[in-house]
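Need the 3D shape of this:
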Amino acid sequence: MRNILEYFSSPGSSKYLKILVIVALVLFVAAILVFWFGGSSFSERGVEFKIEGPQQALSGDEATYKITYSNTTRTEIKDIKFRFFYPDHAIVIKEDGSYSEETSETFELDSVGARQSGEKEFKAFLVGEKGSILYAKADMTYKAGTLSSRFEKKPISAATTIIGMPVPVTLSVPPIAVSGQEITYTLDYRNESQGDIADLRFKLAYPEGFAPKRFSPQPTTGDATWDIKLLKKGSGARITVTGTISGNERDSKTVSMMLQRKINGDYINYERAEASTIISSPLFDVKISVNGERDYTASPGDILAYSIQYRNSSSYTFSGLSLLVKLEGEMYDLNSLDPTGGFYDSATQTIIWNAGSVPNFSNLGPSATGKVDFRIRLKSSFSGGLGSKNFFVKTTASLVTSDIPTGLDGEEISTQDSLITKISTQPNVIQTMYYNDPAFGSFGPMPLNVGSETIFTVHWRLINPGNAVNNAIVKATLPTGVAWKNIVSSVTGQSQPAYDRNKGQVIWNIGQLPSGSGTSSIYEVSFQVSITPSSTQRGSAPTLVKNGTFAGTDSFTQQSVLLNLDNLTTSDTIDRSADGTVE
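Numbers count the residues shown, from 1 in each chain. Sure, this is the predicted structure:
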């Protein structure tokens, strides 16, 4: 160490010192350059994008949103994808001037070079209520240089507050109503813009369960559209719709209004409003039953005993009540109707009870209950033409009053219940037998002789005027001593009967028996059996087919169908019934 110090302190050492200092400076500068320029040339922070839009707007204003993007790095970015999400309910203005209700739009760029930037504009009409905040959103993904991974920018948004309406609209609805109550929707509007507005259109969307009855003024189209040709500055008007609302307790029934304006020949959304009514407990209710049940399945010819129970569920007293029961369905035999004190209006097929026939209806107090009854028979066969499907009858009961107690709104209070009674299928199996069958001829003695074989031909024909029957099957047993001849016939395309030797049964597996079978189409099979009588059967008519059944499931009512067939003996032939005894 001392030698080194002595060297630099010796004469001429300053020249070497200067050289070393210069070398150190060069190395230092090189290190900085390597650090600054020799490392990675890409950073995600160097890719930026933002969205700009109006902070405030009137409903119906045209808004322009601008997305700007920039690449401040020294690396090219590529395969760039942007997604822009319009504010809720906005009407999009396309580049060609047309309109759309798309909720989003995507645009892509092949690349953005180092230190380059760009922008993209989106236009839409804003729709909202005063004070609402509408958000436009966007996101961006891209690749950088030779890197294989895909980069994602954090989604951004721009908020716009609706500060006013050119045509303020107030949509008023009752906050609470009972099912069956008559309510009124009220729509007030006024032009508070700086000039007249032409070609406006109000459109209402009613909730499920609302049935409009009266309008002021009458709609221009249908029952929910009003066109306003010119709304002068400062002028306004009112639209009212009255109808009945029905639903389950605690249901929220929302009605919405859309004010549209005609621009370039198209109506576009301008303003929007909505309001809700909550269904509360009914003031009174009514319930129908038939033959003591709600789910009774009837058959043609049945007598239906209906009972309509009513109850005042409120703390109010009602007067002037009427109960109306409407009968719907071709299978009702209206000539058999016994209205039990009610008046039957044949023009509307409605039975009516009022205070004149039911004293309770003049003054129905809180928690009061009661019932009315009537009876009617179903027709003995299906009407409406053979082949009709899904037969049923429907009864609708409405309990109504226009005498509204103090403290309740509306012009009428009513409640309703409906009951649909399904009518089950009544198929029929026609079972016949021939000795000398027209298609097969005859074989063997008739009358029968002991020890001699005689052949018979059995026919099964199905008639089904009602609902289709699924999994339909006909079965019958051949007694001991009766032989299966394995000669069968059926209509082309239909299944044929088969013989199960293990069970001794003839089985016709039909599958689905369509409605109208036996009339519009033939469902019939035939098969041959034989018997060689023994001496113990002399003087008798032996049984050839026994324990026959038809089974299936009614496709509409889902009820099981089961019919029992008569046994066939040798004396049950169509053509030789008098000769069936064994001699």
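
how would you label the residue sitting nearest the centre point of the chain: helix, strand or coil?
Centroid-nearest residue in the chain: E208, 12.1 Å away (criterion: C-alpha atoms, centre = their mean). State at E208, reduced to three classes by DSSP: H, G, I helix; E, B strand; the rest coil: coil.

chain center to stretch 147-154: distance?
43 Å (C-alpha atoms, centre = their mean, to the nearest Å).

buried stuff in it?
K153 (16 or more other C-beta atoms under 10 Å). Yep, even glycine has a C-beta here, placed from its N, CA and C like the rest.

Start from the N-terminal end of the stretch 351-500 of the chain and give the strands.
369-378, 392-401, 413-422, 428-434, 454-463, 469-477, 482-490, 498-500 (DSSP state E, counting those that start in this stretch).

In this structure A476 contacts L544, no?
No: counting by C-beta atoms under 8 Å, A476 does not reach L544; the two are 9.6 Å apart.

circling back to that earlier point, the residue nearest to the centre of the chain and D251, how far apart?
According to C-beta to C-beta, to the nearest Å, E208 stands 9 Å off from D251.

cool, P359 as well?
34 Å.

Neighbour count: these two, which is higher?
More neighbours surround D251 than the other of P359 and D251, with 17 against 10 (other C-beta atoms under 10 Å).

per-residue confidence at that one?
pLDDT for D251: 92.

show me the contacts for it.
G209, I278, I279 (C-beta atoms under 8 Å, 6 or more residues apart in numbering).

just those residues now: which is nearest A483?
Using C-beta to C-beta, G209 comes nearest to A483 of those, at 67.0 Å.

got the contact list for that closest one?
S179, I245, S246, G247, D251, K253.

just curious, which of those residues is nearest to T401?
Using C-beta to C-beta, the contacts of G209 come closest to T401 at S179, 15.0 Å.

in this protein, which ranges drop under the pLDDT threshold?
1-41, 383-390, 407, 409-410, 492, 519-520 (pLDDT under 70).

Specify the residue ranges that define each domain of it.
For the chain, the structural domains run 45-164, 169-280, 284-422, 428-579, going by automatic domain parsing.

the strands in the stretch 1-150 of the chain, which residues?
Counting by DSSP E, counting those that start in this stretch, the strands of the stretch 1-150 of the chain are 47-52, 56-58, 62-71, 77-85, 91-93, 99-100, 104-112, 116-125, 133-144, 150-164.

looking at those, which is buried most?
strand 91-93 (a mean of 21; mean count of other C-beta atoms under 10 Å).

roughly how far is that one from the heart of the chain?
Worked out by C-alpha atoms, centre = their mean, strand 91-93 lies 30 Å from the chain centre.

That one pairs with which strands?
Note on strand 91-93: by DSSP bridges, its sheet partners are strand 99-100 (antiparallel), strand 116-125 (antiparallel).

Kindly export the last one (C-alpha atoms) in PDB.
The one in question is strand 116-125. Extracted C-alpha coordinates of strand 116-125, given in PDB (Å, rounded to 0.1, in the frame of the first residue of the first chain):
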ATOM      1  CA  GLN A 116     -48.800   7.700 -30.900                       C
ATOM      2  CA  SER A 117     -52.400   8.400 -29.800                       C
ATOM      3  CA  GLY A 118     -55.900   8.500 -31.100                       C
ATOM      4  CA  GLU A 119     -59.600   8.900 -30.200                       C
ATOM      5  CA  LYS A 120     -63.100   7.500 -30.900                       C
ATOM      6  CA  GLU A 121     -66.500   9.200 -30.400                       C
ATOM      7  CA  PHE A 122     -69.800   7.600 -29.400                       C
ATOM      8  CA  LYS A 123     -73.100   9.400 -29.600                       C
ATOM      9  CA  ALA A 124     -76.500   8.600 -27.900                       C
ATOM     10  CA  PHE A 125     -79.700  10.200 -26.700                       C
END
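
what's the distance between it and the middle of its chain?
Using C-alpha atoms, centre = their mean, the offset of strand 116-125 from its chain centre is 41 Å.

Repeat that for the first one.
Using C-alpha atoms, centre = their mean, the mean C-alpha position of strand 99-100 is found 28 Å from that of the whole chain.

quick one: contacts of that strand?
Contacts of strand 99-100 (C-beta under 8 Å, 6+ apart): I91, V92, I93, K94, F125, I263, D266, I268.

make it 6 Å
I91, V92, K94, D266, I268 (C-beta atoms under 6 Å, 6 or more residues apart in numbering).

do you know how far the residue nearest to the second one when sequence neighbours are not counted is from G60?
Yep, that's V92 we're talking about. Excluding the flanking residues, the one nearest V92 by C-beta to C-beta, 6 or more residues apart in numbering is S100, at 4.3 Å. Counting by C-beta to C-beta, the separation of S100 from G60 is 17 Å.

Please apply the same query to D417.
45 Å.

And the two? Which one has more around it.
G60 (25 against 20).

Need the three-state assignment for the spatially closest residue to the more buried one that is not a sequence neighbour.
In space, and not counting its chain neighbours, G60 is closest to Y270: 4.3 Å by C-beta to C-beta, 6+ apart. Secondary structure, three-state DSSP: Y270 is strand.

Run through the residues that contact Y270.
Per C-beta under 6 Å, 6+ apart, neighbours of Y270: G60, L259, Q260, R261.

cutoff 7 Å now
Shown in contact with Y270 (C-beta atoms under 7 Å, 6 or more residues apart in numbering): S59, G60, V127, L259, Q260, R261.

And for E76?
E76 neighbours (C-beta under 7 Å, 6+ apart): S111, G113, A114, G145.

Using TSV, lay out the strands of the stretch 351-500 of the chain together with distance to D285.
Shown next, in TSV, are the strands of the stretch 351-500 of the chain (distance: least, C-beta to C-beta, whole Å):
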stretch	distance to D285
strand 369-378	10
strand 392-401	8
strand 413-422	5
strand 428-434	42
strand 454-463	44
strand 469-477	37
strand 482-490	55
strand 498-500	56
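
of these, which approaches P447 most closely?
Here strand 454-463 is closest among the strands of the stretch 351-500 of the chain (C-beta to C-beta), at 8.9 Å.

Give me the contacts around the closest one.
427-435, 437, 440, 443-446, 448, 474, 485, 508, 513, 517-519, 523-531, 544-545, 568, 573.
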